[in-house]
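A.B. asks: with the sequence up front, the predicted model follows.
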Amino acid sequence: MKIYFLILLIFCTALAAYAQKKKLTNVEAKIEIRMEGNYSKAAIEQKAVQAAQIQALGQEFGYAIVQGINTQTQSSSGQNIMTTEQMSAISNTMVKGEWVSDAAGFPKLRYALRDKENTQEIWLICEVKGKARAIEQAEIMFETFAFGCQEPHKCNSGQFIDGDSMYLYFKTPTRGFLSVFMVEQGLVYRLLPYAQMQDEYESCVAVEADKAYLLFSPEHRKYFEGYPLVDEYGLNLPEGGQPLANLIYVVFSKEPFAKPTLEDIGGIKTLDLVDFQKWINRNRGLDKNFQVSTFGITVNAR
């Protein structure tokens, strides 16, 4: 009886801990958006609700990536304010929470005219309130970084010069499945699996334990049987030579996972950053071993 009671107590404690992790939390946020540019009313309102929800989730659970958050300022009333362009940035921010349901009567949207010097500005005020839950994130167990020379650990700063090639180092203590993405100016590019890969490599590639992979390198083209071609990635600045900052997402799991829905642009598979964010969060909820490592790279002029 004592042993049975002890087992039951341990089970109940574990169940309570799990329930605590999965519990729903009340969250809310209010944002004010100064209207600029030509946008449809429906599109702006949809973006505003999404941005406010991101704001509420970030305040409660934190941000996985801080991109876009520093574009916010505050009004005299203490509310977060932004322009329509800034709203797009925060809508694309990764957060560590998931919106579950709206509270009754929310979201609330209203427009206001405000005087500024000799003109008037149109503002959209958006309030959201609802229930959300934290997203569990697996501990990162693998080693990965971008490099640009023949000795990976000697050039792994993430700093590149216009025209450099980018390679990726990856090593995991356990066998599993891998995919790599890059975010550039609001669009997500899938870098691995390589463009020509099909069938069992369509969503992710199998990788061995304790093996160092030097990806995107033409000198290392024999990792994946039947696919000897390697996609190479040169980093080029846009016209004008302004420095470029990109984000690399390295996705790994012990179990195979399905890719997100992709579009083909010039032979490169892409998707919208918001859809990518949803795909990441959904997989984190389904697979406790789903690991995502994110780091930045910069490209500067010569």
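C.D. replies: Done, it's in.
A.B. asks: CA atoms for contacts and neighbours, from now on please.
C.D. replies: Fine.
A.B. asks: tell me where the model's unsure across the stretch 1-150 of the chain.
C.D. replies: Low-confidence segments of the stretch 1-150 of the chain, defined by pLDDT under 70: 1-22, 38-39, 64-94.
A.B. asks: ok, residue 229 - contacts?
C.D. replies: Taking CA atoms under 8 Å, 6 or more residues apart in numbering, we find residue 229 in contact with 196, 218, 221.
A.B. asks: quick one: it and residue 53, what's the gap?
C.D. replies: 43 Å (CA to CA, to the nearest Å).
A.B. asks: try residue 299
C.D. replies: 32 Å.
A.B. asks: what of residue 263?
C.D. replies: Distance from residue 263 to residue 53, by CA to CA: 27 Å.
A.B. asks: more crowded one of those two?
C.D. replies: Using other CA atoms under 10 Å as the criterion, residue 263 and residue 53 rank with residue 53 on top: 29 against 13.
A.B. asks: where's the residue nearest to that one when sequence neighbours are not counted, which helix or strand?
C.D. replies: Excluding its sequence neighbours, the residue lying closest to residue 53 (CA to CA, 6 or more residues apart in numbering) is residue 128, at 6.5 Å. According to DSSP states H and E, residue 128 maps onto strand 119-134.
A.B. asks: list of residues touching that strand?
C.D. replies: By CA under 8 Å, 6+ apart, strand 119-134 touches 21-35, 48-49, 52-53, 56-57, 61, 96-103, 106-115.
A.B. asks: try it again at 6 Å.
C.D. replies: Residues outside strand 119-134 that contact it (CA atoms under 6 Å, 6 or more residues apart in numbering): 24-35, 97-103, 106-114.
A.B. asks: who are the packing partners of the helix or strand following that strand?
C.D. replies: Using DSSP H and E, the next helix or strand after strand 119-134 towards the C-terminus is strand 143-147. Counting contacts by 3 or more CA pairs under 6 Å, 6 or more residues apart in numbering; DSSP states H and E, strand 143-147 is packed against strand 165-171.
A.B. asks: what does the helix or strand that the strand it packs on is followed by contact?
C.D. replies: Next helix or strand after strand 165-171 toward the C-terminus (DSSP H and E): strand 176-184. Contacts with strand 176-184, where a contact means CA under 6 Å, 6+ apart, come from 188-192, 204-207, 246-254, 256.
A.B. asks: report the angle between the helix or strand residue 295 falls within and strand 176-184.
C.D. replies: Here residue 295 sits within strand 291-300, counting by DSSP H and E. Using axes from the mean of the first three to the mean of the last three CA atoms, to 10 degrees, the direction of strand 291-300 lies 40 degrees away from that of strand 176-184.
A.B. asks: tell me what angle strand 291-300 forms with strand 143-147.
C.D. replies: Using the same axes, to 10 degrees: strand 291-300 against strand 143-147 is 20 degrees.
A.B. asks: now do the contacts for residue 135.
C.D. replies: Taking CA under 6 Å, 6+ apart, one finds 96, 97 in contact with residue 135.
A.B. asks: redo that, cut-off 7 Å
C.D. replies: Contacts for residue 135 (CA atoms under 7 Å, 6 or more residues apart in numbering) come out as 96, 97, 98, 285.
A.B. asks: can you give me the helices for the chain?
C.D. replies: Assigned by DSSP state H, the chain shows helices spanning 2-22, 41-61, 84-91, 273-286.
A.B. asks: rewinding a little: list the helices and strands the strand holding residue 295 packs on?
C.D. replies: Strand 291-300 sits against strand 159-161, strand 244-253, with contacts defined as 3 or more CA pairs under 7 Å, 6 or more residues apart in numbering; DSSP states H and E.
A.B. asks: so how far is that strand from its chain's centroid?
C.D. replies: Between the centre of strand 291-300 and the centre of its chain there are 11 Å (CA atoms, centre = their mean, to the nearest Å).
A.B. asks: domain assignment for the protein?
C.D. replies: Per automatic domain parsing, the structural domains of the chain span 22-134, 143-300.
A.B. asks: and the gap between residue 31 and residue 58?
C.D. replies: Note on residue 31: its distance to residue 58, by CA to CA, is 13 Å.
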